[in-house]
Structures are given as structure tokens and as C-alpha cells.
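Q: Show me how the following folds:
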Amino acid sequence: MLASDPHLPPTSPSIWHITHLSAGDLRVCGVSVPGVPGVMLGHNERIAWGITNLCPDVQDLYIEKLGAAEVRREEIVVRKSDGSRELVTLDVKVTRHGPIMIEKDSIGLALRWTAFDTEIIDLDTFLAINRARNWDDFVTALSGYGGPPQNFTYADTDGHIGYHSAGRIPTRRTGNGRLPYDGATDDGEWTGYVPFDELPHVFDPPSGTVIMANQRIVSDDYPHYLTDNWRVPYRARRIHERLQTKRKLNVDEFLSIQGDTYSYPDAIFAKELVNLASSEEWSEIVQAVDDWDGYSNAGSTVLPLVTEMRKAFRRHILEAAIGTELAPLFEWRNEGTFLDQLVTERPAAWLPKEFGSYESLLLACYREAIDALSTQLGSDRTQWTWGRVAQVRFPHPLEKVAPRFATTTFPQNTGGSMPTVNAGSRVSLRFIADLSDWDSSRLCLPLGQSGDPSSPHREDQLDEWRNVAPAVLPFSREAIVAATQSMLIITPSATQFRRANESS
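A: Sure thing, here's the model as predicted:
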């Protein structure tokens, strides 16, 4: 069994397009994206694969003197609302490390980024994966991948599983790029990229499972620097727990894991509120959060309170540590585990000076949360539901000028302080591959296959996506024939075919 549900910002139309390709000895299905030939995520007759972002550090900043920068003039033709065209010029300052992103007086910050490297090879990778028959073919295909670093999960019909990271991750002359380098020196120069065979990977692990949820995947003795900014481990931990319930799981059980909404940080926070209760002033809080099962759902009245308290707790901790101006700018993907450590262990060194105890701090957070929810949702606390706080939208770039492009908005079941396994609106597709029976595999998009507002297929997969019940993805010829409702055959004329050949 292999499951994949890549997380991306919600958009309409979807970045993905469900595709089945059959050409000669090539038979593959899954999803494609515009501009990349072949299927990017899916399965063929022998293997299935998924994709999860590795999230490494592939950008560095350099402090540069602007006098040494080259000025490149870009000309952009812009069509105005009245149909006329206007030539807009933009002066771009570029140094040996990359373009200047921020400047003040005579100093600028230049960005070096792997995405600026023009020799990146992407197109052949996925076609090679589409034709892969085993692990060795799969790894060989990935070895030429140069796009954003990803973890590629793998399973095959012989019972093998694994994953291999792929993509360009820089190695540096000194340091790891946490802070800007002095651009006038060579200290921050990139000396190359982490060799492909030294990127994280595993084949047939003893556990019998592979879990990729953007969590940390290397130990302290890993020889290369990937990042210090791993995602919180909650989703990986929850998936691991769910996979331990049985030796074998079926498609429905894998879908249940994809739909899991248990929120670790909020459950931990709520439990600590009850543990700290030591006065009558706490009785109202205990009554509100006690016996909560920790699951996120649209009707929950506990989750809005706990998440608002956690926000207030975070704000007080950060403002005491780095000041009120910097606190709103601070971002760290794994901050959730640190906040959990503070609320459970309550170290005196991190307690803001204006509070005599963590109990008084959390009482203040409670009052601030009540005020915030009253302002946002009104005074009736029975109406303080998570579904009113968290709304799902799939914005379309044209909806502001043409309202018909706007999509359905509805309450969200998932979320909380950190993403649950079911990450809600960020789940860009749901895919389950059953390697014992390809015709039992499942796939759906958040909205539908079409981006045309007038198409019946614009939102016809929405209920499947919301209910974590994607439709069967037929693969065998017999299953496809049985499922076919309509067929469109596009036949180029001989003249068009001849012209195409001449132009190529």
C-alpha cells in the first residue's frame, strides 16, 4: 500500500490534472502538472510512488555593496484594463551571488537560490519514473532530478518499499547559511551539491513502513547540513501510531489515516490546563476543555478556545524573549514542540517577568482568548465553533474581476494549532495505491478536473475530497471500459501533422 497527499496552498483550478497515459509499452496513471511531460505522482504496472517536500535550506543571503552590483534593465509589456499596452521597465541589481532582494542606502542583500541555476534537469526524470520497473530503475531516474528537493516514496508489486530524497542541496565553504554572509569574501561560496547517493534514503526498512510527513529524517551524525527548520513531528507520529494497529491494512484504513484529525499540540495544551487547575478561577476553563478527545472538527467549541489561548501563550513568550516588534515576524516551523515543552515543563527561565507563575500566565491567555473570540464570533459561546473560525476557500486568480470564478466556501473540520494528518485545504490531492489490485486504487482532487466555471467537472470531486472518500482510479482496460461515460477523440489532419513535423 502507498498513500500520498502533497500539501500545497489551496488554489482554483488545481495544479494537478488526473491523467492515464497509454502509449506503446508505457502504461501509467496518476496526476500531471502543466509543463512537465508524463505523470508526476501515481503508478504504472509495476511500481507506485508519492512525493513529499524535503524542506531543506537551498537559499543563502549575502551582504553586498551596491556599487559592485550590475544593473540589468527588464522590459515588461503590460496590458491595461482598457486594452492598451504599456511598457514597464524594471531595473534589477545583480551580484555574483544573485539578485538584490532588499536594499538600504548603499547596502543590499543578494539571494543565492538553487532555482536560479539554469542547468537544472527536470523533464526527463518523470518520464523515466513512469517507465521504471523496480527500485534500481526508480533510483536511476531520480539521480537526474534537479527541481525543489523532495522525498520520493516507493512501493512495488514484489513487496518492496522505500524512499529516496532527490534535488540539489548546496554544500558551503564555511557555515550553513543560517545568517547572511559577507558578499565581499568567499566564506559563503557554494562548493557543490550533496551527492545524490548521500541524500537520505532507505530500502525495505525492518519496520516495514516508510513515513514522510516533512518531519526530520536524519540523525545528528548525518554528514551534510540539510536544515534546522524541520516541520513539527506530530503528523509523522500520528501516522506511525495508526500504522501499528494492524500488520496489514486495506485501502479504507489507509484513507482513515489520511483523514485523521487528532491535534497533538492542542490536546497537550488542553491537558496541561486541566493539570494546572488549582483555584476556583480555573473551574470555568476546566469545564470547557475537560474530557475533550483532542480531535479537530467543525462543530468543536473547545478547539477555538485552545488555539486562541495557545496563540496568546506564544505571543507572551516571544515578546518577552525578543521584543514586541520582532515577535510578529518570528517564524520557525518546529516551534510547536518548543511551546509544548514550555507548557508541560514550565521552566522559570522562559516565564515572562510580568507573571509570577505559569498559572497566572495561562489565566491571562484565557482572558485574552475570550476577548478575541467575543470580538470575532459574538458573545454566544455556543456559537464559537471551529467551523466558523476555519473556513476553506480555493481562491481563483480571476474571481475579483469575474465572480463566477469564485468557488464554494465551507467550514473546515481539520487544522488547529498545527496541521493534523488531514491538513484540510492544503491537501492538494488524495491518492491511495493498492499494489495487490491496481483497480482498487483511489484518487481525487479538492475540487474537480476542470477549471471552467461552467463545466460539470469543476467541483464534482469536492465531496470525495471533503469526506476522504476518493473514487476508484481504474487501471486495467476492462475497468476503464466499464467506467467510461464519454470519449473525446482528437484526430489531427494530415496537413496539420505535416506542418508540425516541418516546424520541429
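
Q: show me where pLDDT drops low in the stretch 401-504 of the chain?
A: The stretch 401-504 of the chain contains residues with pLDDT under 70 at 494-504.

Q: same deal with the stretch 251-400 of the chain?
A: For the stretch 251-400 of the chain (pLDDT under 70), the answer is 278-280.

Q: hey, where'd the strands end up in it?
A: 391-392 (DSSP state E, counting those that start in this stretch).

Q: Tell me how this protein divides into domains.
A: 59-116, 264-389 (automatic domain parsing).

Q: how long is the shortest one end to end?
A: Spelled out, that is domain 59-116. Domain 59-116 has its terminal residues 10 Å apart, counting by Cα to Cα, to the nearest Å.

Q: hey, where'd the helices end up in the stretch 151-300 of the chain?
A: 234-243, 251-258, 264-276, 283-289 (DSSP state H, counting those that start in this stretch).

Q: name the helices or strands packed onto the last one?
A: Taking 3 or more Cβ pairs under 8 Å, 6 or more residues apart in numbering; DSSP states H and E as contact, the helices and strands that helix 283-289 lies on are helix 264-276, helix 302-322. (C-beta placed from N, C-alpha, C; glycine too.)

Q: let's go with 10 Å and repeat that
A: Applying 3 or more Cβ pairs under 10 Å, 6 or more residues apart in numbering; DSSP states H and E, we find helix 283-289 packed against helix 264-276, helix 302-322, helix 358-377.

Q: Those helices into TSV, with extra columns for mean neighbour count?
A: Converted to TSV, those look like this (neighbours: other Cβ atoms under 10 Å):
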stretch	mean neighbour count
helix 264-276	21
helix 302-322	21
helix 358-377	17
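
Q: Tell me which residues of stretch 110-120 come out buried.
A: Neighbour-count burial for stretch 110-120 flags 110-112, 114, 120 (criterion: 16 or more other Cβ atoms under 10 Å).

Q: now those residues as CSV including pLDDT and secondary structure?
A: Output for the buried residues of stretch 110-120, formatted as CSV (pLDDT from 0 to 100; DSSP: H, G, I helix; E, B strand; the rest coil):
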residue, pLDDT, secondary structure
Ala110, 97, strand
Leu111, 97, strand
Arg112, 96, strand
Thr114, 93, helix
Ile120, 62, coil
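
Q: With distance to Asn467 as extra columns, can I get these in JSON lines?
A: Formatted as JSON lines, these follow (distance: Cβ to Cβ, whole Å):
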{"residue": "Ala110", "distance to Asn467": "48"}
{"residue": "Leu111", "distance to Asn467": "42"}
{"residue": "Arg112", "distance to Asn467": "45"}
{"residue": "Thr114", "distance to Asn467": "39"}
{"residue": "Ile120", "distance to Asn467": "39"}
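
Q: for the residues you listed, which one is nearest His160?
A: Ile120 (29.2 Å; Cβ to Cβ).

Q: quick one on the thing from earlier: for Asn53, find the nearest of the domains of the chain.
A: Short answer: domain 264-389, nearest of the domains of the chain by Cβ to Cβ, at 11.2 Å.

Q: circling back to that earlier point, okay, the domains of the chain in JSON lines with distance to Leu41 next?
A: As requested, those are exported to JSON lines (distance: least, Cβ to Cβ, whole Å):
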{"stretch": "domain 59-116", "distance to Leu41": "20"}
{"stretch": "domain 264-389", "distance to Leu41": "23"}
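
Q: Figure out which of those domains is closest to Ser436.
A: Closest approach to Ser436 among the domains of the chain (Cβ to Cβ): domain 264-389, 30.8 Å.

Q: For the closest one, measure first residue to last.
A: 19 Å.

Q: circling back: redo the helices of the stretch 151-300 of the chain as JSON lines? Include distance to Tyr225.
A: As requested, the helices of the stretch 151-300 of the chain are exported to JSON lines (distance: least, Cβ to Cβ, whole Å):
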{"stretch": "helix 234-243", "distance to Tyr225": "21"}
{"stretch": "helix 251-258", "distance to Tyr225": "32"}
{"stretch": "helix 264-276", "distance to Tyr225": "27"}
{"stretch": "helix 283-289", "distance to Tyr225": "41"}
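
Q: Out of those, the one nearest Arg404 is which?
A: helix 251-258 (31.7 Å).

Q: ok, and what's touching the closest one?
A: Residues from elsewhere that reach helix 251-258, judged by Cβ atoms under 10 Å, 6 or more residues apart in numbering: 1-5, 238-239, 241-243, 245-246, 249-250, 421-423, 427, 430-434, 436-437, 440-442, 467-470, 472.

Q: same thing but at 6 Å, please
A: 1, 3, 5, 242, 430, 432, 434, 440, 468 (Cβ atoms under 6 Å, 6 or more residues apart in numbering).

Q: Look at the fifth one and say how many residues are nearby.
A: Spelled out, that is Arg430. Arg430 has 24 neighbours, counted by other Cβ atoms under 10 Å.

Q: contacting residues for it?
A: 5, 258, 444, 470 are the contacts of Arg430 under Cβ under 6 Å, 6+ apart.

Q: Asp91 should be in a helix, yeah?
A: No - if the criterion is DSSP: H, G, I helix; E, B strand; the rest coil, then Asp91 is strand and not within a helix.

Q: how about Glu272, what does it touch?
A: 343-344.

Q: Identify the residue spatially nearest to the most centrally placed residue in the chain, adjacent ones excluded.
A: With distances taken as Cα atoms, centre = their mean, His7 lies nearest the centre of the chain, 3.2 Å away. Nearest non-adjacent residue to His7, counting by Cβ to Cβ, 6 or more residues apart in numbering: Arg426, 4.3 Å away.

Q: Apart from its neighbours in sequence, what residue is nearest Pro200?
A: Pro200's closest residue in space is Ser165 (Cβ to Cβ, 6+ apart), at 4.6 Å.

Q: Does the one you found touch Leu54 like I think?
A: Yes - between Ser165 and Leu54 there is a contact at 5.3 Å, judged by Cβ atoms under 6 Å.

Q: and for the two, which residues touch both?
A: What both Ser165 and Leu54 touch, as defined by Cβ under 6 Å, 6+ apart, is the set Asn151.

Q: Excluding chain neighbours, what is closest to Ser450?
A: His457 (4.2 Å).

Q: Look up how far Leu445 lies from that neighbour.
A: 10 Å (Cβ to Cβ, to the nearest Å).

Q: Out of the two, name the residue with the larger neighbour count.
A: Between His457 and Leu445, counted using other Cβ under 10 Å, Leu445 has the larger neighbour count: 25 against 13.

Q: I'd guessed that one sits against Leu429; true?
A: Yes - taking contacts as Cβ under 6 Å, Leu445 lies within contact range of Leu429: 5.5 Å.

Q: Common neighbours of those two, please.
A: Trp16.

Q: In CSV, could you pull the C-alpha coordinates for stretch 217-228?
A: C-alpha atoms of stretch 217-228 as CSV (Å, rounded to 0.1, in the frame of the first residue of the first chain):
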residue,chain,number,x,y,z
ILE,A,217,14.6,12.3,8.7
VAL,A,218,18.3,12.3,9.6
SER,A,219,20.2,11.9,12.8
ASP,A,220,22.8,14.2,14.3
ASP,A,221,25.6,12.2,12.7
TYR,A,222,24.3,12.8,9.2
PRO,A,223,27.4,14.3,7.4
HIS,A,224,25.6,17.1,5.4
TYR,A,225,23.6,20.1,6.5
LEU,A,226,20.0,19.9,5.3
THR,A,227,18.1,22.4,7.6
ASP,A,228,17.4,23.2,11.2
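
Q: Quick check: buried residues in that stretch?
A: Quick answer for stretch 217-228 (16+ other Cβ under 10 Å): 217, 224-227.
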